[in-house]
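Trainee: Okay, here's the prediction I keep looking at, along with the sequence it came from:
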Amino acid sequence: MSPVSEERAEPAAVAPPGSAERRPALSGSRPGDAALDVSVVIPVGREVGDLENLHAALTAELTRLGHTHEVLFIADGVGGEILGTLTRLAARQPEVVLIRFRQTFGESVALSAGFERARGRWLLTFAPYLQVVPSAVVQVLDALAAGNDFVSAWRHPRVDPWLNRLQSGAFNWVTRTITGVPIHDLNCGLRAMTREVAATLTFHGDLFRFLPILATKQGFKVAEVQVGHLAEMGKRGFFGFGVSIRRFLDILTLFFLVKFTRKPLRFFGLIGAALFVLGVAINAYLVVRKLGGESLADRPLLLFGTLLLVLGFQTLSIGLLGEIIIYLHARKIREYVIDEEL
Amino acid sequence: MSLADRPDPGREGAPNVSIVVPLYNEQDSVGPLWTALAAVLPRLPGPTEVILVDDGSTDATGAILKRLRAEGAPIRILKLKRNFGQTPALAAGLDRARGRIVVTLDGDLQNDPADIPRLLAEIDRGYDLVCGWRRDRHDPFLTRVLPSRIANWLIGRITGVRIHDYGCTLKAFRSEVVRHLNLYADQHRFIPAIAAGHGARVSEIPVRHHPRRFGASKYGIGRTLRVLFDLVTLRMCTRFAARPGHWFGVMSLPFLGLGVLTALATAVNATKLIRLGDLDFEYAAQTVLPSTSFLLFYLAFHLISLGFLSELFLKVSDHKMTEILDVAGV
């Protein structure tokens, strides 16, 4: 049985999340494929607020703007009262779509599942609670209308405790410095993008945070707007060290994927070559000493030199394996995005 | 892009020759380039198409292209979202070229469109890919010509496809070659080697080369190390992609040999002690030789495993080895 179910007026065929051949489902890079103006995608995971209130606020804003819209809730392995509320909403409100995962797949999968089923010309993502003022929706949609492909919301000023702000600021600063993409708030749940962006970007794990960076690297026009911050859910005061370590690993992954996906040997090769050369130098020195009559059997330096040699070559060889994988997928790679064809 | 997605060159009404020109900030060159192209088009056999790829220019290039088209120039314009670089720009144009023969040239007027008929004549002689060779280059010697000569020699040596000028964009392809070129990651400078790796017959002819008239060169030196790594990849992928297990296996041999040598040294160390009547093996075990030997064996084993792993990747991929077939009567 499929781990996903969908509750909507007309039943739709649903593929399990995580299968690789899902992306083409959203073939709507042409505006003609969109049946609605706006789709709001809300992954409902651990930190959940008053969903009925949230739905009412969003619907009110979108109706006021005169946009036809739908709200897609993705129940990411939640049950009990939350699921009850969502089911009730989906039954009562014709524009609410509920996608239910039977287990937790994480925010990236939830967002992807939402993007695939979204029928709007513009796609919004929102946190499952009133994270920012509802009128922020107007701001981000205005920025899209101004010709941007992706709009990232920046909660400013933040209403969090100072330690949280410090941690969040550090995360954003490091990411900004490494990637060179000037985004100040990667963790805000509110984002807006065109259908084309949602269909083009692929992301997994924790990479959903970096959507504005991935979009920039693909050549899309990315903007940032400051929005009024209301509240955060969950444990506050200080993000644990586990969170810091995970964010650090996320940044490393992003750095590698953005810079070296197509050229893994340039990354592994550089590191490997440096270690290898150092190992060769050390062992060459030892050979000279050996020729001078010294016994090598007692020199731990020989072990160290050989270790460097081995480690360097091992690193290099992993880069080679990476190159083989990319080469075998060459016909699926497309490195350009077309803006206009005449 | 999969093969099925590409335009079929044999289709009704398809052009005979496609000309693809990547452009990046060439506002001064675009006009003269089109004039030169327009003069040559009537001399080409059959219907032609010209695809000008605007690689995210920030100057007036895009506007000038649109004006040319509005004035009736029969050009196709492909505007990319941002500046992606030479390889993606070329790939974008090649993916859309519908001609039986595809010609690429640089947008900076250093290549002369008047050479195109000679390239086509060489294709008719039975070659799949004809490369331009800028025999008399008009570029600064120390910063451009010399590094280029070294690079050409090196690429030729490593890939075994020895042509004089890997850097010249002016080339003519049989469409079959284009359909099997999946360019990514700066591969534009290795096109002849990649095509030859697929079985294409490659030729080169000397072409004219003009000094740069407008704008600055978009190239520089100082990417040596990256090119070197790319070359290693290229050699591996063009020569060993059919049997990566061999590539990794051969790589493991020196380490295997060294491992055996150090193991022997350990044994000699131990027997020396035995002969002295001192049956204490602990000395031999305490030296670094056994661990060194172990490390070397470990690396050899690692490499052989990677070979198996890459064979596995090859098996589950849809990559085809023999790509370019000889079609009689082309």
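Mentor: Cool, got the structure.
Trainee: low-confidence ranges in the chain?
Mentor: In the absence of a named chain, chain A is used. Residue ranges of chain A with pLDDT under 70: A:1-33, A:234-237, A:297.
Trainee: right idea, wrong chain: chain B
Mentor: In chain B (pLDDT under 70), the answer is B:1-13, B:213-224, B:240-241, B:271-286, B:319-330.
Trainee: Quick one: the helices in it, in order.
Mentor: Here chain B has its helices, by DSSP state H, at B:27-40, B:61-70, B:86-96, B:116-124, B:146-159, B:175-180, B:191-197, B:224-240, B:244-275, B:282-286, B:289-316.
Trainee: Break the chain down into its domains, please.
Mentor: Picking chain A for this. Recorded structural domains for chain A (assignment: automatic domain parsing) are A:4-260, A:264-329.
Trainee: Chain B, not that one
Mentor: The record's domain parsing of chain B by automatic domain parsing lists B:3-240, B:244-316.
Trainee: need the residues of the stretch 151-300 of chain A near chain B, please.
Mentor: Applying Cβ under 8 Å from any Cβ of the partner chain, we find that the stretch 151-300 of chain A lies next to chain B at A:218-221, A:262-263, A:265-266, A:269-270, A:296-300. C-beta: built from backbone N, CA, C; applies to glycine.
Trainee: 7 Å - rerun?
Mentor: A:219-220, A:262-263, A:265-266, A:269, A:297-300 (Cβ under 7 Å from any Cβ of the partner chain).
Trainee: Against B:Leu299, how distant is the nearest residue to A:Leu308 once chain neighbours are set aside?
Mentor: Nearest non-adjacent residue to A:Leu308, counting by Cβ to Cβ, 6 or more residues apart in numbering or on different chains: A:Gly279, 3.2 Å away. To B:Leu299, A:Gly279 is 11 Å away according to Cβ to Cβ, to the nearest Å.
Trainee: Ok, which of the domains of chain B comes nearest A:Ile324?
Mentor: A:Ile324 lies closest to domain B:244-316 among the domains of chain B, at 4.8 Å (Cβ to Cβ).
Trainee: So is that closest one next to chain A?
Mentor: Yes: residues of domain B:244-316 are located near chain A by Cβ under 7 Å from any Cβ, namely B:244, B:248, B:269, B:287-289, B:291-292, B:295-296, B:298-299, B:302-303, B:306, B:309-310, B:313-314.
Trainee: what number of residues lie near A:Leu166?
Mentor: A:Leu166 has 13 neighbouring residues, counting by other Cβ atoms under 10 Å in any protein chain shown.
Trainee: Locate it within the secondary structure: which element?
Mentor: helix A:162-179 (DSSP states H and E).
Trainee: now that helix, how far from the centre of its chain.
Mentor: How far helix A:162-179 lies from its chain's middle: 16 Å, per Cα atoms, centre = their mean, to the nearest Å.
Trainee: do stretch B:102-114 as well
Mentor: That offset, for stretch B:102-114, works out to 18 Å (Cα atoms, centre = their mean).
Trainee: CA atoms only: put that stretch into CSV for me.
Mentor: Output of stretch B:102-114 as CSV, limited to C-alpha atoms (Å, rounded to 0.1, in the frame of the first residue of the first chain):
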residue,chain,number,x,y,z
VAL,B,102,26.1,21.6,-37.2
VAL,B,103,28.8,24.4,-37.3
THR,B,104,29.9,26.2,-34.1
LEU,B,105,31.9,29.4,-34.0
ASP,B,106,32.9,32.1,-31.6
GLY,B,107,31.0,35.3,-31.4
ASP,B,108,34.0,37.5,-31.1
LEU,B,109,34.8,37.8,-34.8
GLN,B,110,38.2,36.0,-34.3
ASN,B,111,36.8,33.1,-36.3
ASP,B,112,35.9,33.8,-40.0
PRO,B,113,32.5,32.5,-41.2
ALA,B,114,34.0,32.4,-44.7
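Trainee: buried stuff in that stretch?
Mentor: For stretch B:102-114, burial by neighbour count (16 or more other Cβ atoms under 10 Å in any protein chain shown) applies to B:102-113.
Trainee: quick revisit: now do the buried residues in whichever helix or strand the residue nearest to A:Leu308 is part of.
Mentor: Per DSSP H and E: A:Gly279 is located in helix A:264-291. The neighbour-count check on helix A:264-291 (16+ other Cβ under 10 Å) flags A:264-270, A:272-273, A:275-276, A:278-279, A:282-283, A:286 as buried.
Trainee: now it and helix B:224-240, what's the angle there?
Mentor: 100 degrees (axes from the mean of the first three to the mean of the last three Cα atoms, to 10 degrees).
Trainee: by contact count, what packs against helix A:264-291?
Mentor: Identification of packing neighbours for helix A:264-291 by 3 or more Cβ pairs under 7 Å, 6 or more residues apart in numbering or on different chains; DSSP states H and E yields helix A:241-260, helix A:300-328, helix B:224-240.
Trainee: so what secondary structure elements neighbour the second one?
Mentor: Using 3+ Cβ pairs under 7 Å, 6+ apart as the contact definition, the elements that helix A:300-328 packs against are helix A:264-291, helix B:224-240, helix B:289-316.
Trainee: Which neighbouring elements make contact with the shortest one?
Mentor: What it means is helix B:224-240. When contacts are defined as 3+ Cβ pairs under 7 Å, 6+ apart, helix B:224-240 sits against helix A:264-291, helix A:300-328, helix B:146-159, helix B:191-197, helix B:244-275.
Trainee: Now A:Gly189: closest residue in space that isn't a chain neighbour?
Mentor: In space, A:Gly189 is closest to A:Ala127, 2.9 Å off (Cβ to Cβ, 6+ apart).
Trainee: Likewise for B:Gly46?
Mentor: Among residues not flanking B:Gly46 along the chain, B:Asn16 sits closest, at 2.9 Å (Cβ to Cβ, 6+ apart).
Trainee: just A:Asp206 next, same as before
Mentor: Nearest non-adjacent residue to A:Asp206 (Cβ to Cβ, 6+ apart): A:Asp250, at 4.7 Å.
Trainee: The helix holding A:Leu166: which residues count as buried?
Mentor: Applying 16+ other Cβ under 10 Å to helix A:162-179 flags A:164, A:167-168, A:171-172, A:175, A:179 as buried.
Trainee: among those, which two are most distant?
Mentor: The span of the buried residues of helix A:162-179, defined through Cβ to Cβ, is set by A:Asn164 and A:Thr179 at 22.4 Å.
Trainee: Figure out how far stretch B:153-172 is from the centre of its chain.
Mentor: 9 Å.
Trainee: Which residues does it contact?
Mentor: Stretch B:153-172 is contacted from outside by B:101, B:103-106, B:111, B:115, B:119-120, B:123, B:129-134, B:148, B:151-152, B:189-193, B:196, B:202, B:204, B:207, B:231, B:234-235, B:238, using Cβ atoms under 7 Å, 6 or more residues apart in numbering or on different chains.
Trainee: Just the endpoints, please. Distance across that stretch?
Mentor: Stretch B:153-172 has its terminal residues 22 Å apart, counting by Cα to Cα, to the nearest Å.
Trainee: That stretch: which residues count as buried?
Mentor: Buried residues in stretch B:153-172, counted by 16+ other Cβ under 10 Å: B:155-156, B:158-159, B:161, B:163-172.
Trainee: ok, these vs A:Ala60, which is closest?
Mentor: Nearest member of those to A:Ala60, counting by Cβ to Cβ, is B:Thr169, at 57.0 Å.
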